[in-house]
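1. Give me a 3D structure for the following:
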Amino acid sequence: MNEKQKAANGLLYDANYDPVLIEERNQCKALCYEYNQLPPFHLEKRKELIRIIIGKTAGSFLIEQPFMCDYGYNIEIGENFYANHNCIILDGAKVTFGDNVFIAPNCGFYTAGHPLDAGQRNQGLEYAYPIHVGNNVWIGAQVAVLPGVTIGDNSVIGAGSVVTKDIPPGVIAAGNPCRVIREITEDDSKKYWREES
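-> Below you'll find the model as predicted:
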């Protein structure tokens, strides 16, 4: 089994010294660099390049610059996807986003983790566990989503959260570590409406 196959199977793999993975990361980072240098108003060229970088895209999406990822081919985004500035996705494993996902600035999605044992870390070993974000999810600014996490449909993750465990559907969750605060209710649909004068 090669290092890429080990990563896909959630096993310890050599991310630091394997020449195939190093080359794939370098190619992806070169494309991300090119993307980040494009003028912001060149929307069609930006979309064209993101479709080359990312494994699967839907029809409607916008990823603000700068954007960085490790491989790109492990990322899938749904319809009406939006990621604000400074989105980082370390996609050693699959990272999937459903439809209508909104990501605020400075968020990171990190499938990669390192062994607690210093000897294994020093060999360049790491693991990668998939991240799944459901439909209609809003992720606040400066959120970190860690390896193996699933965020359920219709949930909101508060700014500054560190998401270490799965979040169920239909809730507001926040904190470090991120935890459920409450369910989203019918009253929330009325919270921001103002009557016209």
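2. need the contact list for Leu12.
-> By C-beta atoms under 8 Å, 6 or more residues apart in numbering, the contact set of Leu12 is Lys6, Pro115, Gln120, Leu125, Glu126, Tyr127. C-beta: built from backbone N, CA, C; applies to glycine.
3. Give the buried subset of those as a PyMOL selection command.
-> Of the contacts of Leu12, the buried ones go into a single PyMOL selection, burial set by 16 or more other C-beta atoms under 10 Å:
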select buried, resi 6+125+126+127
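4. From the contacts of Leu12, pick the one nearest Lys47.
-> Relative to Lys47, the closest of the contacts of Leu12 is Glu126; by C-beta to C-beta it sits at 31.5 Å.
5. ok, now which ones touch the spatially most central residue of the chain?
-> Per C-alpha atoms, centre = their mean, the C-alpha nearest to the average position across the chain is that of Phe109, at 3.7 Å. Phe109 makes contacts with Cys87, Ile88, Ile89, Leu90, Asp91, Val95, Ile131, Val133, Val145, as judged by C-beta under 8 Å, 6+ apart.
6. will you turn these into CSV that also has distance to Ile103?
-> Below are these laid out as CSV (distance: C-beta to C-beta, whole Å):
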residue, distance to Ile103
Cys87, 6
Ile88, 11
Ile89, 10
Leu90, 15
Asp91, 14
Val95, 12
Ile131, 12
Val133, 9
Val145, 10
